[in-house]
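A.B. asks: Predicted model and sequence below, questions to follow.
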Amino acid sequence: MAIGVRIAVLADVHGNAPALRAVLAEVSEARADAIVVAGDVVGGPQPREALELLAARPEPVRWIAGNAEHEALAVLAGRAVGDDPPGRAARWSAAALDAGWEAAIASWPIRDTLDGVLFCHGSPRRVDEVLTRATPDDVLRDALAGVGESLVVGGHTHQQFRRGTYVNAGSVGRPYEGRPGAFWLLLEDGVPELRETAYDLEAAAAELRATGAPDVEELLSESLLDPVDAAEVTAVFEFTAGRAPVP
């Protein structure tokens, strides 16, 4: 039987290099033909390390911008991003980027197509569109309106799921699955397989803490060492999108 085209989709790394290294080892084992980076490589403790790990891969890498990349570019352009956790992460990421990476990230599209599949971060139309397991059907249809591809793969909300023609690849570096791990997607001839990779969380925590990055303890407590309930996170996302009451 012929082996199909294999595409590894890695979203929402958020500067978690230990998680990314573990996933990339499994990408090698899977013999992926290409990697699609579906946004938000930066916006976490080790943005430069994560970028360079991906840039060093032997497979072709297709890069898609997420909101974290746009926020880091805003800092570099002198625009205010606020003092909330995303703003602090954006400033940390911007400080790690040289002119070469700034130019490269500025060139990344918000959507791309490979092997008949459309890849994005939030949605095909916006990097920050919130699509979750609980998003109403009509909202999801509207977000995907006009898409000619038979499958759309995104990220942004850090939870794996499939609904019709939309698949969320999950988060490599900051998942909200209610359990620890690194979450990603493998496509073979356009057929999605949700993947989960275990790694040494205590060693990762020590490495991430050593960076001195802002909000690293929040990352560790909410996502890696004592993950928050997945359903609660979904409810919060739907609330922030204006589609649900206060959770």
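C.D. replies: Noted; the coordinates are in hand.
A.B. asks: Residue 185 is in contact with residue 196, correct?
C.D. replies: No: using C-beta atoms under 8 Å, residue 196 is not in contact with residue 185, being 10.4 Å away. All C-beta atoms are positioned from the backbone trio N, CA, C, and that covers glycine.
A.B. asks: Looking at the two now, which is surrounded by more residues?
C.D. replies: residue 185 (24 against 16; other C-beta atoms under 10 Å).
A.B. asks: Who are the contact partners of that one?
C.D. replies: The neighbours of residue 185, taking C-beta atoms under 8 Å, 6 or more residues apart in numbering as the test, are 8-9, 11, 153, 160, 167, 169-170, 192-195.
A.B. asks: what's the neighbour count on the nearest residue to residue 161 once chain neighbours are set aside?
C.D. replies: The shortest distance from residue 161 to any non-neighbouring residue, by C-beta to C-beta, 6 or more residues apart in numbering, is to residue 133 (4.6 Å). When counting by other C-beta under 10 Å, one arrives at 17 neighbours for residue 133.
A.B. asks: how far away is residue 133 from residue 238?
C.D. replies: Distance, residue 133 to residue 238, using C-beta to C-beta, to the nearest Å: 9 Å.
A.B. asks: same deal with residue 64?
C.D. replies: Taking C-beta to C-beta, one finds residue 64 at 24 Å from residue 238.
A.B. asks: Looking at those two, which has the bigger crowd around it?
C.D. replies: Per other C-beta under 10 Å, whichever of residue 64 and residue 238 has more neighbours is residue 64, with 25 against 21.
A.B. asks: tell me which element residue 236 falls in.
C.D. replies: helix 230-240 (DSSP states H and E).
A.B. asks: Please, where are all the helices along the protein?
C.D. replies: 17-30, 47-55, 67-76, 85-96, 99-106, 137-143, 201-209, 216-219, 230-240 (DSSP state H).
A.B. asks: mind checking which of those is nearest residue 128?
C.D. replies: The closest of the helices of the chain to residue 128 is helix 67-76. By C-beta to C-beta, the value is 4.5 Å.
A.B. asks: now the closest one: mean pLDDT?
C.D. replies: Mean pLDDT, helix 67-76: 98.
A.B. asks: give me the number of residues near residue 65?
C.D. replies: Neighbours of residue 65 under the rule other C-beta under 10 Å: 23.
A.B. asks: give me phi/psi at the nearest residue to it once chain neighbours are set aside?
C.D. replies: Closest residue to residue 65 in three dimensions, ignoring its sequence neighbours and counting by C-beta to C-beta, 6+ apart: residue 108, at 4.0 Å. As for residue 108, its main-chain torsions (degrees, to the nearest 10) stand at phi -70, psi 140.
A.B. asks: So that it lines up with my notes, have the first residue be 49 from now on.
C.D. replies: OK, 49 is where the count begins now, so the last one is residue 156.
A.B. asks: which residues touch residue 156?
C.D. replies: Residues 111-113, 117 are the ones in contact with residue 156 under the rule C-beta under 8 Å, 6+ apart.
A.B. asks: let's go with 10 Å and repeat that
C.D. replies: 85, 87, 89, 110-114, 117-118, 121, 169 (C-beta atoms under 10 Å, 6 or more residues apart in numbering).
A.B. asks: what residues are shared contacts of residue 244 and residue 233?
C.D. replies: With C-beta under 10 Å, 6+ apart, residue 244 and residue 233 have common neighbours 208, 218.
A.B. asks: so where is the protein shaky, pLDDT-wise?
C.D. replies: 49-51, 294 (pLDDT under 70).
A.B. asks: give me the beta-bridge partners of residue 86?
C.D. replies: residue 112 (DSSP bridges).
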